[in-house]
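Visitor: 3D, please:
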Amino acid sequence: MNKKFLSKAARWLHIYLSMISFVIVLFFSVTGLTLNHADYFQNKSVVTEDKGKLDTRWVSATDTLQINKLAIVEFFRNKYKVRGAVADFRIDDREISFSFKGPGYEADAFISREESTYTLTQTNQGLMGFINDLHKGRDTGKTWLWVIDIAAILMTIISFSGLILLLFLKKKRLAGLLLIVVGILLTYLGYHF
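Guide: Numbering: from 1, shown residues only. Below you'll find the predicted structure:
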């Protein structure tokens, strides 16, 4: 491969991928700090609890197959504006329980099958909980997990294209490579100690 072509390709990749991924790299950098120093940046969680009664036909006290899961879930979505994906839907002889989970948010519902009564507890962790969960990919769905993977790939390409560019700078090559070694050593020492 031609050195001139490699230099141009590395420069093009480094510049344009850096610009394309600027916002996502900045996002993961800032949220890395907020996660690492959660005691400074954490919002207090807001917990609300609601109680009520459901239509007895939905929670059928005798036949598990007749429980109307969709009607129950939509009831909570409409009445309490719960959000997130439904998780852990469990049915036993006496109780139905399930959760709604999303970034920075969780709602847990417990329903008595005999009395058709429910308790709904919602926990909202605020903006910091939301963005920290986005950083971790917790309860965010498959699309956001793809965003995280693409961001990681872009950061890898940006890093390697920057390294290739450094190798073409004769006057700065040695100092740059020494700084890379120092960075590796500092990272190892930081982990080791």
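Visitor: What is the subsequent helix or strand relative to the helix or strand of the chain with the lowest mean pLDDT?
Guide: Scoring the helices and strands of the chain by mean pLDDT, DSSP states H and E places helix 38-41 at the bottom, with a mean of 81. Past helix 38-41, further along toward the C-terminus, the next helix or strand under DSSP states H and E is strand 46-53.
Visitor: Quick check: mean pLDDT of the longest helix along the chain?
Guide: Taking DSSP state H as the criterion, the chain has its longest helix at helix 142-167. Rounded to a whole number, the mean pLDDT of helix 142-167 is 91.
Visitor: now stretch 181-189
Guide: Stretch 181-189 carries an average pLDDT of 91.
Visitor: swap in stretch 26-36?
Guide: In this model, stretch 26-36 carries a mean pLDDT of 90.
Visitor: what about Leu134, helix or strand, and which?
Guide: Element membership of Leu134 [criterion: DSSP H and E] is helix 126-136.
Visitor: So which elements touch that helix?
Guide: The contact analysis (3 or more CB pairs under 8 Å, 6 or more residues apart in numbering; DSSP states H and E) places helix 126-136 against helix 22-36. No exception for glycine: its C-beta is placed from N, CA and C like everyone else's.
Visitor: Next, the angle from the helix it packs on to helix 126-136.
Guide: Going by axes from the mean of the first three to the mean of the last three CA atoms, to 10 degrees, helix 22-36 is angled at 110 degrees with respect to helix 126-136.
Visitor: Good, we can wrap up now.
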